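S.K.: Sharing a model that was predicted from the sequence below.
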Amino acid sequence: MYTERAPVMTGLSLDEIQIRDPFILHDSANATYYLYGSTDKNIWDGPGTGFDAYRSSDLLSWDGPVEAFRPPADFWSPGQYWAPEVHPYQGRWFMFATFTGEDGRRGTQILSADAPAGPFTPWSQGPVTPPKWQCLDGTLFVDDDGDPWIVFCHEWTQVHDGGVVAQRLTTDLRAATGNPIYLFNASEALWAAPMRGRSSESYKLPIFVTDGCFPFRLASGRLIMLWSSFGDQGYAMGIAQSQSGLITGPWVQEESPIWATDGGHGMVTRLPNARVAVTLHQPNTTPNERAIIRYLEEHEETVTLTADGPSQ
């Protein structure tokens, strides 16, 4: 029988946990929330340590860290370990996470474990995102037919105008299948602004960022997607709506961001009481990032922020 490893500390508040790209999983079997994210002290440079997890019964007091993933000795990526998400699927737990190779090529690999806190080990043979693309922030989406997809961002470093893309996965989540399908570009959102500070000769075109894409099915059946870019007030997060209810869209952008100031890379959790909450990081500067949890009001076609949340 699996026994979870003891955490390093208990009773932590979110203010005490440095974390970027936060993701919360609720495991109903043991009434426990798990918090994952980019947890290396410096996620931008140097060798990668791995991913840590924290657990809580109330979203307020957290125990951890627990080592959720540590790279094996022959792991292909030396660093820049980003944005882990953990999803239950076919009786196992699957982590989708971004890694960068020695050649600078970035992609999402799928890891697997017997329990939500890990330890996770490689499941796919390297990234499942297109091998010649610069990709990040892959997430799992299972459609109404039970077929799995990866939804990910095609990075601005390669295409200038970052995109959000969907591609089918094999039913065992070992590999991608079929062709990638472009869903939308960042510049389609009226609130998205070109990234500042990138006006050197290396960049001939305006740069629009896509980060943290996360599809979510509303109680009404409508399909929305959270995603992040830069707006007039810095890092921000907006919402796109699928007009067909399918992951393939077409997708229409809401005019204003749901989070406009120095925060983003959000995801939505449906809580046991049927309420929904968004988790994101704020501010957007290392090492000051912290997870923020806010309740959402669910509408027929979208969600809006409320003034309260478990972390307040």
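M.R.: Cool, got the structure. Source: prediction; values computed, not measured. Numbers count the residues shown, from 1 in each chain.
S.K.: what's the pLDDT at the residue positioned nearest the centre of the chain?
M.R.: For the chain, Gly212 is the residue whose C-alpha lies nearest the centre (C-alpha atoms, centre = their mean; 4.7 Å). Confidence at Gly212, expressed as pLDDT, is 98.
S.K.: Which residue, neighbours along the chain excluded, lies closest to it?
M.R.: Spatial nearest neighbour of Gly212, chain neighbours left out: His265 (3.5 Å); criterion: C-beta to C-beta, 6 or more residues apart in numbering. From N, CA and C alone the C-beta is placed, and that goes for glycine too.
S.K.: what sits against that neighbour?
M.R.: Applying C-beta atoms under 8 Å, 6 or more residues apart in numbering to His265 gives the contacts 20-22, 83, 137, 211-212, 228, 237, 280-281.
S.K.: Would you show me how to pick out the buried ones of the residues you listed in ChimeraX?
M.R.: Buried residues within the contacts of His265, by 16 or more other C-beta atoms under 10 Å, are selected in ChimeraX with:
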select :20,21,22,83,137,211,212,228,237,280,281
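S.K.: Check the contacts of His265 against Trp259 and report the nearest one.
M.R.: In terms of C-beta to C-beta, no member of the contacts of His265 lies closer to Trp259 than Met237, at 4.2 Å.
S.K.: what sits against the closest one?
M.R.: Counted by C-beta under 8 Å, 6+ apart, Met237 has contacts 212, 226-228, 257-259, 263-266, 280.
S.K.: Now with 6 Å, please.
M.R.: Shown in contact with Met237 (C-beta atoms under 6 Å, 6 or more residues apart in numbering): 226, 228, 257-259, 264, 266.
S.K.: Give the bridge partners for Ile24, please.
M.R.: On the basis of DSSP bridges, Ile24 is bridged to Leu35.
S.K.: That one: how many residues sit nearby?
M.R.: Close neighbours of Ile24, defined as other C-beta atoms under 10 Å, add up to 23.
S.K.: okay but it is in contact with Leu271, surely?
M.R.: No. Using C-beta atoms under 6 Å, Ile24 is not in contact with Leu271, being 9.7 Å away.
S.K.: mind listing the strands for the stretch 201-312 of the chain?
M.R.: Secondary structure of the stretch 201-312 of the chain (DSSP state E, counting those that start in this stretch): strands located at 211-217, 223-231, 234-242, 251-253, 264-270, 276-282, 290-298, 303-305.
S.K.: Kindly reformat the ones you listed as JSON lines containing distance to Thr100.
M.R.: Below are these laid out as JSON lines (distance: least, C-beta to C-beta, whole Å):
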{"stretch": "strand 211-217", "distance to Thr100": "15"}
{"stretch": "strand 223-231", "distance to Thr100": "19"}
{"stretch": "strand 234-242", "distance to Thr100": "20"}
{"stretch": "strand 251-253", "distance to Thr100": "28"}
{"stretch": "strand 264-270", "distance to Thr100": "17"}
{"stretch": "strand 276-282", "distance to Thr100": "19"}
{"stretch": "strand 290-298", "distance to Thr100": "23"}
{"stretch": "strand 303-305", "distance to Thr100": "32"}
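S.K.: Nearest to His160, out of these?
M.R.: strand 223-231 (12.9 Å).
S.K.: Quick one: mean pLDDT over the closest one.
M.R.: When pLDDT is averaged over strand 223-231, the result is 98.
S.K.: so what does it touch, helix or strand wise?
M.R.: strand 211-217, strand 234-242, strand 264-270 (3 or more C-beta pairs under 6 Å, 6 or more residues apart in numbering; DSSP states H and E).
S.K.: what is the orientation angle of the second one with strand 211-217?
M.R.: Here strand 234-242 runs at 30 degrees with respect to strand 211-217, directions being taken by axes from the mean of the first three to the mean of the last three C-alpha atoms, to 10 degrees.
S.K.: and the angle for strand 234-242 with strand 264-270?
M.R.: Computed by the same axes, to 10 degrees, the angle separating strand 234-242 from strand 264-270 equals 50 degrees.
S.K.: I'd assumed Trp82 was in contact with Gly48.
M.R.: No. Counting by C-beta under 6 Å, Gly48 stays clear of Trp82, with 9.2 Å between them.
S.K.: Look up how far Asp21 lies from the residue nearest to the centre of the chain.
M.R.: 7 Å (C-beta to C-beta, to the nearest Å).
S.K.: From the opening residue of stretch 15-34 to its closing one, how far?
M.R.: This stretch, stretch 15-34, spans 16 Å end to end (C-alpha to C-alpha, to the nearest Å).
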